[in-house]
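Q: sequence plus predicted model, see below.
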Amino acid sequence: MQFKHLLTLCFFALTCLFIEPALAQNKVITGKVTDKKDGSPLIGVSVGAGAGSGTLTSVDGTFRLSAPANTTSLTFSYLGYNKLTVNLDGKVSVGVSMEATSTALNEVVVIGYGTQRVKDATGSVASIGTKDFNKGVIATPEQLLQGRIAGVQVTPASGEPGAGVTINIRGTSSLRAGNNPLYVVDGVPLDGGGTASGFDSGAGMSAARNPLAFINPADIENISILKDASSAAIYGSRGANGVVLITTRKGRKGQGIQFSATTSVATAAKKYDLLDRDQFLTAVAAVGADAAAVDYGGNTDWQKQILRSAVSQGYNLGFGGANNTGSYRASVGYDDQNGIVKNTSLKRLTARVNASQSLFGERLKFDLQSLYSNVKDQFAQITNNAGFNGSLIGAAIQLNPTAPVYDAQGRLFNLNGYNADGIPTGNSFRNPVSLLNQIDDKDNINRYLNNLTMTLRLFEGLSYKGSFGADISRGLRKTFYDPKVIGYTDATGIRNFNIPSATGNGRAIYQNTELTNYTTEHTLNYDKKWSDNSSLTALAGYSYQTFKNYNRNQVGWGTSTAGVLVKDMSDFQNQLAYPIGDSSSYKLQSYFARVNYSYKDRYILTGTIRRDGSSRFGANNKYGNFPAVAAKWRVSNEGFMPKGGLFDDLSIRLNYGQTGNQEFPSYASLALRQLNYDGSANPPLNAANPDLKWQKDVAYGAGIDFTILKGRLSGTVDYFNKKTTDLLFLQDIAQPAADTRVWVNLPGNVRNTGVEVGLNFAAVQGTKFTWDVTYNMTFTKNRIENFGNRNVITGNIDGQGLSGAYAQLFANGYPLFTFNVPNYAGLDANGFGIYPQGIDASTIQGSPIPKFNAGLTNNFTYGAWNLSFFLNGATGFYIYNNTANAFFYKGNLVSGRNVTKEVAASNENPLNSGEVSTRFLEKGDFLRLSNANVGYTFPLKGSKIKSLRVSLTGQNIFLITNYSGIDPEVNTDKQRNGVPSRGIDYTSYPSARTFTLGLNASF
């Protein structure tokens, strides 16, 4: 800790004590270089004054050059831009605009602790900006890039507003440690928490919302993905699954006021094809049951009762500007996103300030990024593991269509009626409208993300940067169950304490979550440019982070007045004597360095090293080292390459690197015990393991970057091979023993290999009409190696008679999450299932990990009109339809429950059991028109309005797939004993088809 304090003291001491050295024989020239087309700053422009004097522009396009006193002009050169010579005319500060000849190689990508032009990148880094973001109703940042980048797979858990997302960069690698990438927002690495999942009160657990929902997508200017180990190693222990760097908008000269407004209408893209009243009664009679006994006189479309046409709106207002010494941008945004399931929504209010100011002739610079966000979620009772009665979706798709919504007394219909106090009796089915009207579930999360950075130029080429970041989140989720809610008749156990059923008693649950993340970083940066186009950049740094996650939960039951709900914890007669909850903390201390050397702009070499210490690991393995090296050969700059030939630019890249993974529970290396509510202790959660060490990824790869046809066609082809070893896992201990489980590093490894292709083609570049095409595709192979005979099962399957059933395993020689279920070969002549190897003989089947992903974007402009559409697809993967397994078989008709028309028309025997098998395992291959946008920009001259644009955007417009469920891009959390699952669909929130009308204006 003393070292950390010393560096912090240096941060301020250097500010106060630095004295600029005298350069009597030279003069200092400053300036800024921008793109002539859009005014954006150009990074890494070569600025020369002759006689060997030169420098490069920094991240904001500015430069500071010490040149001979008799210098009269400067030269500016930048690949893809016309070379420019500017006469100084006695000035020592200049503003320069450069005109592009080719843009692909000059795109700037954000890398760890800096930025870099694409042409200088040795690692595999992808970048996407506002022009290429997905349009329409966007709840979280991942939706902006879904399907757009090779090697990056984004799978939403469901169609719920702000739903959790699984994002895999170059495959998935972990058995128990985290598989999601590290997110860094404006230099602050985030922790993935901050939201609370729903308590199981008798209908399963509901998933937490996406923790990134606090970021306003309208504030994001750029998202860069560090895909390979050589680029991600600068983040060491947190870069194993790749790094997502999010950069928000900053002020620019003449920016002024920007305003945008959107209104959207969303409907369910697909519904289950269920029987209506008459079809249902006919089907019941056909299976030999008494149709009259299950006819309750109604005619109800239960899906219609829970779904709606959802209207959403969003507003954003920004104001910014810049001068030669500083910039600023302030923005506020409000989004009100209503889900297509009633009583679901996400409301978000954000306020952001980004500012920078240079002092003392640009020798000292301060940067501030500050965000406040308030997110209010409303949840319906849609859960991951509801029993046979189902949560909201399960109840709606199986409920008898002859049941009315209300009975003759105007009460919500309950098959067994009500008692004298108006409390529903029995537990024959759940009325979905009761679940909507009599359960209130909302949260309120306030989050603050701030980062202050100071940059000090010590002397020419050398600068010091110090930053302090704070990420603070405080949330409260309140859930109330009306004592008249139908079907919640089971008691709930919490830490060895039974809480009476919600039906008849009511229930209140308060979940308080508090997350704090403090980061301090100090870096030294050195840049040197030589007259022969050689350059050197070096970085050395120190980082210290602390994370705390504090949870406290309270439960109350028994309303003060029988049968009457008051939505306040104080109205409940019984409450837990003290709050319960598991809190945690951990710390990271890191040292890192990177050197990038370019020889004559032909041979580029990058070396990186990071040493991380984490409090999560065993006493004997607190620290891990993560080195990386990458090289690039710009073949097109060689003398033997013909000038004006096929290639404008041709480069070959090689890379190797190591990263680590510490995304698993804190205190896992210690003996950990969880106390029950009554003070007694559960069996230990895990035994101590002082030798627990880092899960490690070792990756290598090669790539080719090219540009041809005078910059009109550019592309990248990459091969990657990533091996994950020392697999973190919570393993059972053979009994009898004092402890039951222990965290270990399993032998064996997970390997991901693949090829990525990305192409950009300016097909037509006319004065009035343009057509740009962007295409990406990824081939991926995943498998477990050297795992011995060990099998790890996961993927719980829920439904009547399926207690303990599962569908997936981890086994040697197969991909992660491989399906392992009995073979189903159809129905025999009597309507019973045929299982060639036997009903209990599970066999290895397909994988939920796609072997191929692709995305295609077409952008057109014609005068003031623009049109774009985006298609994405995936093949070579399977989905397990747990919804069909639980509800869609003919035996349900006998018990008066609904099924699909397909099931009713089949020759299945109503006595046939719905076993876990390949009957419900389906190919997930799909092609989707994900996004289409048409807009018109009004020609404005002499107006106070700088620009005005209207647009219409469609999302999820059509889907081509043979999957019988709602959507193949789904991932219900069906973990088993903490082992994650993948590719299982169980009563998921439906996906929406959305159309958005937008207005953008600047003043």
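A: Perfect, thanks for sending it. Note that the structure is a prediction, hence the values are computed from the model and not measured. Numbering: from 1, shown residues only.
Q: from now on I want contacts and neighbour counts done on CA atoms only, so please keep to that.
A: OK.
Q: so what's the most centrally placed residue in the chain up against?
A: For the chain, the residue nearest the mean C-alpha position is Glu142 (4.5 Å; Cα atoms, centre = their mean). Neighbouring residues of Glu142 by Cα atoms under 8 Å, 6 or more residues apart in numbering: Val154, Val165, Ile167.
Q: so the second one sits against Gln153, correct?
A: No. Taking Cα atoms under 8 Å as the definition, Val165 is not a contact partner of Gln153, at 10.1 Å.
Q: and these two? which has more neighbours close in?
A: Per other Cα atoms under 10 Å, whichever of Val165 and Gln153 has more neighbours is Gln153, with 25 against 21.
Q: residues contacting that one?
A: Per Cα under 8 Å, 6+ apart, neighbours of Gln153: Gln146, Gly147, Ile167, Asn168, Ile169, Asn853.
Q: and the closest residue to the third one other than its chain neighbours, how far is that from Asn385?
A: Using Cα to Cα, 6 or more residues apart in numbering and skipping the chain neighbours, the partner closest in space to Ile167 is Val154 (4.4 Å). Going from Val154 to Asn385 by Cα to Cα, to the nearest Å gives 23 Å.
Q: between those two, who's got more neighbours?
A: Set side by side, Val154 and Asn385 show more neighbours around Asn385, with 23 against 19, by other Cα under 10 Å.
Q: I'd assumed Met205 was in contact with the more buried one.
A: Yes. Asn385 is within contact range of Met205, at 6.3 Å (criterion: Cα under 8 Å).
Q: which residues in the stretch 451-600 of the chain form strands?
A: 462-481, 492-493, 498-499, 507-529, 535-559, 572-575, 584-599 (DSSP state E, counting those that start in this stretch).
Q: where among the ones you listed is the average confidence lowest?
A: Lowest mean pLDDT within those: strand 492-493, at a mean of 82.
Q: just how off-centre is it within its chain?
A: Mean-position distance between strand 492-493 and its chain equals 33 Å (Cα atoms, centre = their mean, to the nearest Å).
Q: neighbouring strands of that strand in the sheet, and parallel or not?
A: Strand 492-493 has its sheet partners listed here by DSSP bridges as strand 498-499 (antiparallel).
Q: and the contacts of the partner strand?
A: Taking Cα under 8 Å, 6+ apart as the rule, strand 498-499 contacts Ala491, Thr492, Gly493, Trp557.
Q: top of these by number of neighbours, please.
A: Of the contacts of strand 498-499, with other Cα under 10 Å as the count, Trp557 tops at 25 neighbours.
Q: thinking again about what came up before, export the strands of the stretch 451-600 of the chain to TSV and tack on distance to Phe810?
A: Formatted as TSV, the strands of the stretch 451-600 of the chain follow (distance: least, Cα to Cα, whole Å):
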stretch	distance to Phe810
strand 462-481	35
strand 492-493	31
strand 498-499	35
strand 507-529	33
strand 535-559	31
strand 572-575	43
strand 584-599	29
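Q: can I assume Val903 sits in a helix?
A: Yes. Residue state for Val903 (DSSP: H, G, I helix; E, B strand; the rest coil) corresponds to a helix.
Q: check contacts around it.
A: Applying Cα under 8 Å, 6+ apart, the residues near Val903 are Phe888, Tyr889, Lys890.
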